[in-house]
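Asker: Sequence below, structure please.
(2 chains)
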Amino acid sequence: MNRYHAIQKLMSIVDEKVVIVGNLGPTSDEMRHAMHRDKNFYTYGSMGLCSSIALGIALNYSDKVISFDGDGSVLMNMGTLATIGRENPLNLIVLIWDNEMWGQVGRQFSHTHYQTNLEEIAQGCGIKKTITVDNEDDLEKVFVKALSDDGPYVIVAKIKESEYLSVAPVEPEIIAFNFRKSMIQNA
Amino acid sequence: MSDWAQTIADSLKESEISLITGVTDSSLSILINLLREDSYFSVIPASREEEAIGIAVGSYVSGTKSAVYMQSSGVGNSVNALASLCIPARIPIPMIINLRGDIGEFNIAQVLMGKVTPQIFDNLNIPTYILDSDVSLEDKVTGALKLCYASHQPLAIGLTPLLHGGKSSK
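Answerer: Numbers count the residues shown, from 1 in each chain, chains lettered A, B, ... in the order given. Coordinates of the predicted model:
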């Protein structure tokens, strides 16, 4: 499965109130190229914190919040799966794009290429609705279901790393300002 | 006595900071327990201090002001989140930090991080206010919180044994 293709597909499904938090690097770049919107929260640093930021949003928001995370990032902050399990936010969907490597920084295999199973780790944290998918049709099906179902969900999407798009504008202050403004207007 | 904790809780509420997240500490636990008992506050225990910064950032950008708590040892776990997320995105996060390693400390492992915590914040250009007595405590805390949001950047409030009595080895 190709991440950019799948991101384009999934972003065409979500309505305007749904929040999407993007992991730093290619994932946020691809979100921005696919469909720039005020309720996209891109990250540019703080690797590991994508799903923690999404959790902080989900605890204060009535609509769905999606974290487009990655295997390397989740490996860096697996404790946040435990916090998600403990807090049990019904509106949170963690989608881990798992290329089994640190793709942007040399393509070395990550732990998920070997024994580490992030879906089982999520289960071990008390997150009941989990699935691992390896093709776009299955991903779309579970994603559509998760959008209208109580979560939290953890979806591990196995992807094949491909070429990267151009780097999207790096403007954290503007993104945070516009995102917050759109959230306050929505409240 | 926990007047200091009640004063900080009152200042947080007055500043409309309602989501509190962090990693616990024995001296801070007096404050955390007070917040837990007050339905105004949501207290979210994190697994690591950096994670708490992420949760607090998510809360702030969704329109709910959020503060973080930790002991000074956790500051070392937070630096990249501050430097690569809060500061470039200009997200104000007040941090309530118990400064270990100060007078009366019994554990050598706490000494260095406690001592260098204000230096680390100084290097990050993060303002740090150290509370070592309950004199003008409410003015100091409320004023620091106001400054945090006015300046759109993280800010540290350091608690010391002279304020809360410290942690005994017994």
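
Asker: In contact with residue A:25, which residues?
Answerer: Listed by Cβ atoms under 8 Å, 6 or more residues apart in numbering or on different chains, the contact partners of residue A:25 are A:103-104. Using the backbone N, CA and C atoms, a C-beta is placed for each residue, glycine as well.

Asker: Hmm, I typed the wrong one, I wanted residue A:178.
Answerer: Counting by Cβ under 8 Å, 6+ apart, residue A:178 has contacts residue A:38.

Asker: any idea which element it lies in?
Answerer: Following DSSP states H and E, one finds residue A:178 within helix A:172-186.

Asker: Repeat that for residue B:67.
Answerer: strand B:65-71.

Asker: contact partners of the worst-scoring helix or strand of chain B on mean pLDDT?
Answerer: Least confident helix or strand of chain B, by mean pLDDT, DSSP states H and E, is helix B:161-164 with a mean of 93. Contacts to helix B:161-164, defined as Cβ under 8 Å, 6+ apart, come from residues B:4-5, B:27, B:30, B:98, B:102-104, B:131-134, B:137, B:167.

Asker: wait, doesn't residue B:96 sit right on residue B:69?
Answerer: Yes: counting by Cβ atoms under 8 Å, residue B:69 is a contact partner of residue B:96 at 4.6 Å.

Asker: any shared contact partners between these two?
Answerer: With Cβ under 8 Å, 6+ apart, residue B:96 and residue B:69 have common neighbours B:22, B:28, B:31.

Asker: Run through the bridge partners of residue 22.
Answerer: No chain in the question, so chain A it is. Assessed by DSSP bridges, residue A:22 has beta-bridge partners residue A:42, residue A:68.

Asker: That was the other one, I meant chain B.
Answerer: residue B:45, residue B:69.

Asker: can I assume it is in contact with residue B:49?
Answerer: Yes: between residue B:22 and residue B:49 there is a contact under Cβ under 8 Å: 6.8 Å.

Asker: out of residue B:96 and residue B:69, which sits in the more crowded spot?
Answerer: residue B:69 (29 against 23; other Cβ atoms under 10 Å in any protein chain shown).

Asker: Up against chain B, what does chain A have?
Answerer: Within chain A, the positions near chain B by Cβ under 8 Å from any Cβ of the partner chain are A:19, A:21, A:41, A:43-50, A:52-61, A:77, A:79-80, A:82-83, A:86-87, A:172-173, A:175-177, A:179-180, A:183-184, A:187.

Asker: other SSEs contacting the lengthiest helix in chain B?
Answerer: For chain B, the longest helix by residue count, based on DSSP state H, is helix B:137-151. Here helix B:137-151 touches helix B:3-14, strand B:94-98, strand B:128-131, strand B:155-159, going by 3 or more Cβ pairs under 8 Å, 6 or more residues apart in numbering or on different chains; DSSP states H and E.

Asker: picking up where we left off before, give the residues shared as contacts by residue B:22 and residue B:49.
Answerer: B:68, B:70, B:74.

Asker: I'd like the residues you listed laid out as a markdown table, including neighbour count.
Answerer: Below are the shared contacts of residue B:22 and residue B:49 laid out as a markdown table (neighbours: other Cβ atoms under 10 Å in any protein chain shown):
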| residue | neighbour count |
| --- | --- |
| B:68 | 28 |
| B:70 | 27 |
| B:74 | 25 |
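
Asker: List just the nearest of those residues to residue B:126.
Answerer: residue B:68 (12.3 Å; Cβ to Cβ).

Asker: check contacts around that closest one.
Answerer: Residue B:68 neighbours (Cβ under 8 Å, 6+ apart): B:20-22, B:49, B:52-53, B:56, B:78, B:93-96.

Asker: Please look at residue B:24 and residue B:43 and confirm they touch.
Answerer: No: at 9.9 Å, residue B:24 does not count as touching residue B:43 under the criterion of Cβ under 8 Å.

Asker: if I look at the two, which residues touch both of them?
Answerer: residue B:32.

Asker: just to revisit the earlier point, could you list the buried residues of the helix holding residue A:178?
Answerer: Neighbour-count burial for helix A:172-186 flags A:172, A:175-180, A:182-183, A:186 (criterion: 16 or more other Cβ atoms under 10 Å in any protein chain shown).

Asker: Among the residues you listed, pick out the one closest to residue A:30, please.
Answerer: residue A:175 (15.2 Å).

Asker: so how many other residues sit close to the closest residue to that closest one other than its chain neighbours?
Answerer: The shortest distance from residue A:175 to any non-neighbouring residue, by Cβ to Cβ, 6 or more residues apart in numbering or on different chains, is to residue A:42 (5.5 Å). By other Cβ under 10 Å, 27 other residues sit near residue A:42.

Asker: Can you give me the pLDDT of the nearest residue to residue B:110 once chain neighbours are set aside?
Answerer: Distances taken as Cβ to Cβ, 6+ apart put residue B:100 closest to residue B:110, at 3.8 Å, once the chain neighbours are dropped. Note for residue B:100: predicted pLDDT of 95.

Asker: quick one: contacts for residue B:100?
Answerer: So residue B:100 contacts B:25, B:71-73, B:107, B:110-111, B:113-114, B:167 (Cβ under 8 Å, 6+ apart).

Asker: 7 Å instead, please
Answerer: Contact analysis of residue B:100 by Cβ atoms under 7 Å, 6 or more residues apart in numbering or on different chains lists B:71-73, B:110, B:114.

Asker: ok, now how distant is it from chain A?
Answerer: Going from residue B:100 to chain A by Cβ to the nearest Cβ, to the nearest Å gives 22 Å.

Asker: quick one: low-confidence parts of chain A?
Answerer: A:187 (pLDDT under 70).

Asker: Thank you, goodbye.
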